[in-house]
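Chemist: here you go, sequence then predicted model.
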Amino acid sequence: MVLIVLCFIFGIAYIFYAVEHDRQEVRDAVARGEYEIPLDRDEDDLGQEAWREIYPNTVPLQIGRTRVRASVADELSERIQGLSDTPFLPDDVVKLFVFGALGDHAIWMKDMNYSIDIMWASKEGDILHIIENVSPDTYPASFGSPVPSWYVIEAAAGFVDANEIEVGDKITLID
């Protein structure tokens, strides 16, 4: 992170110098994008606790016997965005989609960077359907439950297997 900030500061200073001193070759390089700061960061670049930058508002949730933190998507724009363009999802963080209506809530992998497990749940919190290890390569296909649901939960691929989550398990918000 410090390296990225230093590169950014150096880049800005160098661009300012070049523009001020009428160095056409540097201005051309800037126009080609050679001085852009890469925004793609992975889990190692962010560090152990920096996932909070990506998922700042989480609530405690229990899925079966497993406690996690849920990043809640309860508004239309949040549900549309989902996990798209996020660099990773920690093993103990899930995305909880709250639709507020019973329906056929399909999930797609648009702009996803990693595979996920998807769980559909009833209004009462019963897990109704599970699809594991859905790859970004599946886009533009969408995935849904054969049973109408109220909630959808997305977790990092392998979460369902590692935590022995099954259809019929409960999801519960923890106070």
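Modeler: Right, received. Where do you want to start?
Chemist: which residues of this structure fall in helices?
Modeler: With DSSP state H as the definition, the chain shows helices at residue ranges 2-20, 24-31, 43-46, 51-54, 76-81, 159-162.
Chemist: tell me the domain boundaries of this protein?
Modeler: 2-31, 46-173 (automatic domain parsing).
Chemist: pull the distance from the longest one to the chain's centre.
Modeler: To tie it back to what came earlier, the one meant is domain 46-173. From the chain centre to the centre of domain 46-173 is a distance of 9 Å (C-alpha atoms, centre = their mean, to the nearest Å).
Chemist: going forward can the numbers begin at 187, since that is how I track them
Modeler: With the count now opening at 187, the last piece we talked about shows up as domain 232-359.
Chemist: tell me who's in contact with the closest residue in space to residue 350 that isn't next to it in sequence.
Modeler: Nearest in space to residue 350, with sequence neighbours left out and distances taken as C-beta to C-beta, 6 or more residues apart in numbering, is residue 250 at 7.0 Å. Placement of C-beta: from N, CA and C, glycine included. Residue 250 sits next to 313, 349-352, 355-356 when contact means C-beta atoms under 8 Å, 6 or more residues apart in numbering.
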